[in-house]
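> test case, fold it:
(3 chains)
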Amino acid sequence: MRPGIRSVLAVLVASVLIGVVLGPDHAGAQPKPIKIGEINSYSGVATVYTFPYKEGLALATKEINDAGGVLGRPLEFIHRDDKLKPDEAVKAARELVLQDKVDYLAGCISSSVGLAISAYAKDAKVLYFATHCQTSRLTWDDGHRYIAHTTNNVNQYVRVAAKKASTLPIKKWANISPDYEYGHNMWEEFSTYLKKLKPDVEFVQLNWPKLGETDHSSYITALLQSGAEGLFSSVWGAQSIAFVKQARPFGLFDKMRYVAPSVGNPDELDPLGKEAPVGAIATPFAWYDPGLHKLHPKLAAWTKKYTEWATAKGLKDPQPKLGASWGYASAYIIAEAIKRAKSTDTEKVIGALSEGFEMDFPWGKVIMRGCDQQALPPQWIGVVKLDAQGKPIAADVEEFQGKDVARSCDEVKELRAATAAKQKK
Amino acid sequence: MTTVRAVGWLVVLAGLLVLPLVLPSFLVVVMTEIAIVGLFATAFNLLMGFGGMVSFGHAAYFALGAYAAALLVKQAAWPMVLGLAVAPFAAAAGALFFGFFIVRLTHTYFAMLSLAFAQIVFTVVFKWKALTGGDDGILNVWPPEALKSPRAYCYFTFAVAGLAILALHAIVDSPFGMALRAIRENPRRARFIGVNVRRHQLFAFVLSGFFSGLAGGLFAFFNGSVFPDFAYLNKSFEPLVVALLGGIQSFFGPLAGALGFKILETVIARQWPVYWPLFLGTAVVVVVIALPQGFVGLLQRRAWRTPTAR
Amino acid sequence: MDLLTSLFPWITNGPLIVVQVMSGLSVAMFLFLVSVGMSLIFGVTRIVNLAHGSFYMVGAYLLVTLVETLPQHPLMFWVALGLAPIGVGLLGGVIEVTLLRRIYHREPLLQLTLTFGLILVIGTAVLLVWGPDNKSVARPDALAGSVRIFGQPFPSYYLVVLALAPAVAVALWIIFYRTRWGMLIRAATVDREMLGALGVDVATLYTQVFVFGSWLAGFAGALSAPTVAVALGMDGDVLTTAFVVVVIGGLGSFAGSFISALLVGELQSFGILVFPAVSIVLLFAIMAVVLIVRPWGLLGRPEE
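Residues are numbered from 1 along each chain as shown, chains lettered A, B, ... in the order given. As a prediction, this is how the structure comes out:
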């Protein structure tokens, strides 16, 4: 026999044996758990958000399961790392659905990943709960019944930021956003809404570093030359931290007002420490803000509970982060949808989602809107300052309601129709 | 063909027909991937094992095929089969253009220029957002309803890849294939007997690119989406590693390599995803060191290769 | 003039252009340090070390750990900067002796494949040792601020890099052109067999060159660590750019790496301003053109 055929047969035999021995594991829990395949980025720039997110999810899951689970069954999240690559996410989704036989899919922080998983979920008719990724296209332009979004989307908080930006005496704006779905979505929402509120603004320079860029020095020097008075930035996570650190010695933030929605979050402020961009406008999760505590009396207890949990889990910085709140909320929203459906059947859960519901969280009321299965949580706007101990915080925090700024159901219908028309062509 | 060989072939054929029916969906999906990777590696080996030219940028043609198929179906609303039929020609065009320059070099420079061109394809795809969707890729690239199920698409892939591999086999056994092997052994001698070395090498390059593009197209519809990473360095090394593992000296070696590689990946990457690159890298290092002779040395030793200092 | 100003509004802005050029220079210096090691290794051993980016990354991570573990003192940063590259050099030495030595006599493409395998191994090792999240290390306090260049702030750390780099280039020049060891290396680049025939222990020379090249990559990584995000994936980014620099400048040419690094560094710096969408493609296009027209690079030596 030719060597090739021999090797083919040998490998065939060997692989069947391996496959049998190391086949898929069988969980033999008492009441069968409700399995949710959670795909997210647990490496790279995202970890400042996703590590606390995972703990928030875990804390909520434990609370839910301790209280008897959902429909008498425990919730179980199976995590996969997509490494910020849509390709990996699609592969993971396929494996989770076909091999692990999960009931639902969840996760994502990169918007490109979210869109890719959404496309797969739609085709495979599996319900997908997008949790951390933010592009409005998830539930709007490219929305469909097999996707629900458990946190806010770009549109909501960027409009709030644009509103604040329009009150500043600044006409010339520049942009630095990562070159992928989220970055483009952010800039589009910000610039169009700002232009609507203040028609005489000018956009002098657009910069698109790649997601995860480590060295922004060329972009920084280019920005210095742009003549901009204000800078909108949607770089996030570790990339935002690196950008701020690199830009400060160039005096960039003295030259222009920095508007960066994500930089107000403790996930980014805490690692920055005294290098934080004081004066920057952001849309923060300011869990420490006394004004917020007055509005939401249950917040203090939750922050204590989370801090204890995170400390026990050995997290380097156990204080609450935005990621933690989103993980926490996502688990509860998923559980609620199943509870309301009184079944784990996908179509019934979609039915429950499409009727919409409200939930109270320690930081305010979150509305799950039925027409687009999009969450509408509270939004905050603040300015970065250093507190008495020199720690960076978001101050002058104002609260808005997501439902007041988000696009209406009719507008969403129009957006979806426009996408469908484009595809028919 | 001897009886043993014929029986061996029948077993394989029977397996290909029956297995997709009996195996669970997940394994059917793996089998489809094996067929695609096997085709890619076999096309690559046309160049490496039979042509003696090692390209480090073959992902470019895989990606060109994948994107061509995706764009034709999404933008031009072509039916999938037509898009799949045309995709390899797009890849071949790229192979013709790049190959024209690449085959003028040899060895290390050949490899480096092929890598450079693959990087160009990658960065163009990445940056040309308007056309390719950039980092977000092109989504919702699905086969028609009839071929959508894992089983159906598996049979479809077997059929297409099978035909392609038969074609490649015919090419390798043809006079052209013989001339190619002669060139690999000794280009000077081949030139003396009247073989147009450059033209043969370029043609081999284009053919290799063509079938790599076909593999790319098949993968696009399998995956339902295409991404710039299809053109990246890691993808270029996939056929190289697979062919190496399976054996570059035989025609079916890369197929065996694809089978073994995918099974290992499915088992290891699932259980210990962090360790998979470590395993792969170690395997590559071990194979390279343990192979008693080099790539070309596995065949016949080149007469005048200058030994390096030792 | 008006047409120019409208096309390139920054052209009238003197101090900012100076800052842009200097920023490009510091990028160029990091690139030079990485590329010269790669070029050197190829010149002598004829191996294109694809794992060079991985050495750079290890250097950066080692610096982070050293700065974190050493006692807090302003001088400790410089101690760490001295130690980190040594660690990388050791790693390179181990790899050369245990792995590369066995394959020198084989196909160069086999060697390329092996170094690619090393990328995967070293990458996973870094992940296992340091974890998946990004790391950062602060610039030493003395250099954390900025100086004014024509009234425009410019980071002090980059200034030090700019001052350091010519010093390193001169030191390298002295080593290559004024020491016996350097002479042996240059001789090996021209004709290894003859060198062996003349009684030089070429095997040890190879090891020394590889260690030195790795040291240079590690030094570049450690030096750049305070200015970038130290992350997995640094290896790929640096490798592709260093590769371009080395190919354009000429594999095996020290001066070629220097000039090419300057070219690529400034191109990256100004590329964002002048032709943002195209600048990365341009880099690889230039590399392809060089390979087509003059495969051994601008200042390299043609193959036999």
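
> use CA for all of it now, contacts and neighbours both
Fine.

> do you know how far the spatially most central residue of chain A is from A:D317?
Geometric centre of chain A, nearest residue: A:H132, 2.2 Å, by Cα atoms, centre = their mean. Distance of A:H132 to A:D317, computed by Cα to Cα, to the nearest Å: 20 Å.

> how many neighbours does B:G194 have?
Look at B:G194: counted by other Cα atoms under 10 Å in any protein chain shown, it has 8 neighbours.

> check whether the one helix or strand C:R148 maps to comes near chain A.
Using DSSP states H and E, C:R148 maps to strand C:146-149. Yes - with Cα under 8 Å from any Cα of the partner chain as the criterion, chain A is reached by strand C:146-149 at C:S146.

> what lines up beside that strand in the sheet?
Note on strand C:146-149: by DSSP bridges, its sheet partners are strand C:152-155 (antiparallel).

> if we can go back for a sec, next one: the strand holding C:R148 to chain centre, how far?
26 Å (Cα atoms, centre = their mean, to the nearest Å).

> okay, buried residues for that strand please.
By neighbour count with 16 or more other Cα atoms under 10 Å in any protein chain shown, strand C:146-149 contains the buried residues C:S146, C:V147.

> residue ranges in chain A under the pLDDT threshold?
A:1-29, A:424-425 (pLDDT under 70).

> what parts of it come near chain C?
Contact residues (Cα under 8 Å from any Cα) of chain A with chain C: A:42-48, A:214-215, A:217-219, A:221-222, A:224-226, A:238-239, A:242, A:246, A:249-251.

> which of those residues are buried, as a ChimeraX select command?
Per 16+ other Cα under 10 Å, the buried members of the residues of chain A next to chain C correspond to this ChimeraX selection:
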select /A:42,43,44,45,46,47,48,214,215,217,218,219,221,222,224,225,226,238,239,242,246,249,250,251
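
> what about the residue of the stretch 51-200 of chain C found nearest chain B, which helix or strand?
Of all residues in the stretch 51-200 of chain C, C:G117 sits closest to chain B, at 4.0 Å by Cα to the nearest Cα. C:G117 is part of helix C:108-130 when elements are defined by DSSP H and E.

> what about that helix, average pLDDT?
Summarised as a single mean, pLDDT over helix C:108-130 is 91.

> wait, is A:F400 part of a strand?
Yes - according to DSSP: H, G, I helix; E, B strand; the rest coil, A:F400 belongs to a strand.

> and it, how many neighbours?
Number of residues near A:F400 (other Cα under 10 Å) recorded here: 15.

> partner residues bridging it?
Bridge pairing for A:F400 - DSSP bridges - gives A:Q379.

> please report the distance of it from A:A161.
For A:F400, the distance to A:A161 - Cα to Cα - is 11 Å.

> can I assume A:T303 is in contact with A:P320?
Yes - shown here, A:T303 and A:P320 form a contact pair, counting by Cα atoms under 8 Å, at 6.1 Å.

> now do the shared contacts for those two.
Counting by Cα atoms under 8 Å, 6 or more residues apart in numbering or on different chains, the shared contacts of A:T303 and A:P320 are A:W287.

> between the two, who's got more neighbours?
Taking neighbours as other Cα under 10 Å, A:T303 and A:P320 compare with A:P320 leading, 25 against 20.

> who's in contact with the more buried one?
A:P320 is in contact with A:P52, A:P266, A:W287, A:T303, A:Y306, A:T307, counting by Cα under 8 Å, 6+ apart.

> isn't C:D235 up against C:G59?
No - with contact defined as Cα under 8 Å, C:D235 does not reach C:G59; the gap is 10.6 Å.

> between these two, who's got more neighbours?
C:G59 (31 against 22).

> now name the helix or strand holding that one.
helix C:52-69.

> with adjacent residues omitted, what lies nearest to A:G291?
The shortest distance from A:G291 to any non-neighbouring residue, by Cα to Cα, 6 or more residues apart in numbering or on different chains, is to A:V397 (7.5 Å).

> can I assume the one you found sits in a strand?
Yes - per three-state DSSP, A:V397 lies within a strand segment.

> which bits of the stretch 151-300 of chain B sit near chain A?
For the stretch 151-300 of chain B, the residues in contact with chain A under the definition Cα under 8 Å from any Cα are B:223-227, B:229, B:246-247, B:250-253, B:255-257, B:259-260, B:263-264, B:267.

> can you get me a residue count around residue 237?
Since you didn't name a chain, this refers to chain A. With other Cα under 10 Å as criterion, A:G237 counts 23.

> um, chain B though
Neighbours of B:F237 under the rule other Cα under 10 Å: 20.
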